[in-house]
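Asker: got a sequence here, can you build the structure:
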Amino acid sequence: MATLDDIAKELGVSKGTVSKALNGARDVSRKMQQTVLEKAVELGYSRVSPVREAPRMALFILNMDYAGPQDFGYDLVMGFRQVAEPAGFRVDIIPLDLETQLGIRYDAYMMREHYCGGVFLGMSLVDPWLKEFETCITPTVLYDNHVSCNPNVTSIGVDIEEGLQLAIRYLTSLGHNRIGYLSSALESYVYRRRYEAFIQVMESMGLPCDESVMGNSFLINNCISEHLPRLLENGCTAIVCSHDMLAHSVMLYCFEQGIRIPEDVSVLGHDDILLCRYTAPPLATIRQNRSALGKSAFFALMSHQNGVPLSSHLLHAELVQRGSCGSAPKEPRVFHLRQQ
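Answerer: All right, here's what the predicted structure looks like:
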């Protein structure tokens, strides 16, 4: 394992300068601090926190609200804290911005801030640090994201294929054999995986699955206006959506068009956010147990600490049956849709 002397020798500076740089001393320039951090990461230097300090874990959040129980990220954060803090770890919640990612390498940031591991919620496929996870040395857990071939990174989530199997089997048991799928933009890893899994499950069950019954757009309004009328005109009697807010928007569109749910069309979402219980009718969905996922993130980090490099950790999916799904109509309606 690299030492302070090794870093100093590589950079041609004193051991004292290296020590002060790693500890953020004000009399060492920011550029030198960055250089030392980068070299320390390169050489595999590991800094152990003093015994008097609780070990620290970083919970990074992007593109996700988490302040209150109504927010998607709240249970994820609480689940993580509920097991990490009693185990003696300090948890820092860090809203991560683009400037931070562009300003410093991930491993260097984690070393500078004395973090022993990081968890990422809401990271997209275009975030700069995502590429660094392919080679990072910091124990890292990604929620609803995936990086291959790095034993220091673990993915957590709900079994996507299992969830869609449950959903489509349920819909076919209700008599639906023309099932559509709507999704937000596929730049998100989890939306892309759900989209691909829908195709795989439909094909494995011998159900029709082509462009006439599928669509995706970046904005919900565009997804509704550009694709939903086509799905309805092509005879879809059930529509599965990549997330609950999109499913709710489908229900609102149908209400405005005089299309009854579930008598004319059944609608099913993903995630089971709080809103699902209060839509009219209540929204059927594939549940993510977000509290359990938060706890799983901690267990995955501890697995790394104990020398067990998990690749992925998936929870079983759960189908929540509610009033938005019903028996397929015996004779599908011909809809005369009004322009909006």
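Asker: all strands of this structure, in order?
Answerer: 56-61, 90-95, 115-121, 140-143, 153-158, 179-184, 214-217, 238-241, 266-271, 284-287, 312-315, 318-320 (DSSP state E).
Asker: please enumerate the helices of the stretch 51-200 of the chain.
Answerer: 74-84, 98-103, 106-112, 128-132, 160-173, 189-204 (DSSP state H, counting those that start in this stretch).
Asker: buried residues, the lowest-mean-pLDDT helix or strand in the chain. List them.
Answerer: Here the helix or strand of the chain ranked lowest by mean pLDDT, DSSP states H and E is helix 30-43, holding a mean of 80. Neighbour counts over helix 30-43 (16 or more other Cβ atoms under 10 Å) mark 32-41 as buried. Any C-beta I mention is one placed from the backbone N, CA and C, and that applies to glycine too.
Asker: related to what we said a few turns ago, okay if I get the helices of the stretch 51-200 of the chain as CSV plus mean pLDDT, distance to Gly326 and mean neighbour count?
Answerer: Converted to CSV, the helices of the stretch 51-200 of the chain look like this (pLDDT from 0 to 100; distance: least, Cβ to Cβ, whole Å; neighbours: other Cβ atoms under 10 Å):
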stretch, mean pLDDT, distance to Gly326, mean neighbour count
helix 74-84, 92, 29, 20
helix 98-103, 93, 45, 13
helix 106-112, 92, 48, 22
helix 128-132, 94, 41, 18
helix 160-173, 97, 10, 19
helix 189-204, 94, 20, 18
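Asker: out of these, which comes closest to Leu275?
Answerer: Closest approach to Leu275 among the helices of the stretch 51-200 of the chain is made by helix 74-84 (13.6 Å; Cβ to Cβ).
Asker: and the residue nearest the centre of the chain, its phi and psi?
Answerer: The centroid of the chain falls nearest to Asp144 when counting by Cα atoms, centre = their mean (3.2 Å). The phi/psi pair for Asp144 (degrees, to the nearest 10) reads phi 50, psi 40.
Asker: quick one: pLDDT of it?
Answerer: Looking at Asp144, its pLDDT reads 93.
Asker: just checking, what packs against the least confident helix or strand of the chain?
Answerer: On a contact count with 3 or more Cβ pairs under 8 Å, 6 or more residues apart in numbering; DSSP states H and E, helix 30-43 meets helix 4-11, helix 15-22, helix 106-112.
Asker: and the angle for it with helix 15-22?
Answerer: Helix 30-43 runs at 100 degrees relative to helix 15-22, counting by axes from the mean of the first three to the mean of the last three Cα atoms, to 10 degrees.
Asker: contacts for helix 30-43 next, please.
Answerer: Residues outside helix 30-43 that contact it (Cβ atoms under 8 Å, 6 or more residues apart in numbering) are 2, 6-7, 10-11, 13, 17-18, 21-22, 24, 28, 47, 104-105, 107-108, 111-112, 137.
Asker: report the buried members of these.
Answerer: For the contacts of helix 30-43, buried by 16+ other Cβ under 10 Å: 6-7, 11, 13, 17-18, 21-22, 28, 104-105, 107-108, 111-112, 137.
Asker: now the buried residues of helix 30-43 in JSON lines, with distance to Cys254?
Answerer: Compiled in JSON lines, these are given as follows (distance: Cβ to Cβ, whole Å):
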{"residue": "Met32", "distance to Cys254": "62"}
{"residue": "Gln33", "distance to Cys254": "57"}
{"residue": "Gln34", "distance to Cys254": "55"}
{"residue": "Thr35", "distance to Cys254": "59"}
{"residue": "Val36", "distance to Cys254": "60"}
{"residue": "Leu37", "distance to Cys254": "55"}
{"residue": "Glu38", "distance to Cys254": "55"}
{"residue": "Lys39", "distance to Cys254": "60"}
{"residue": "Ala40", "distance to Cys254": "58"}
{"residue": "Val41", "distance to Cys254": "53"}
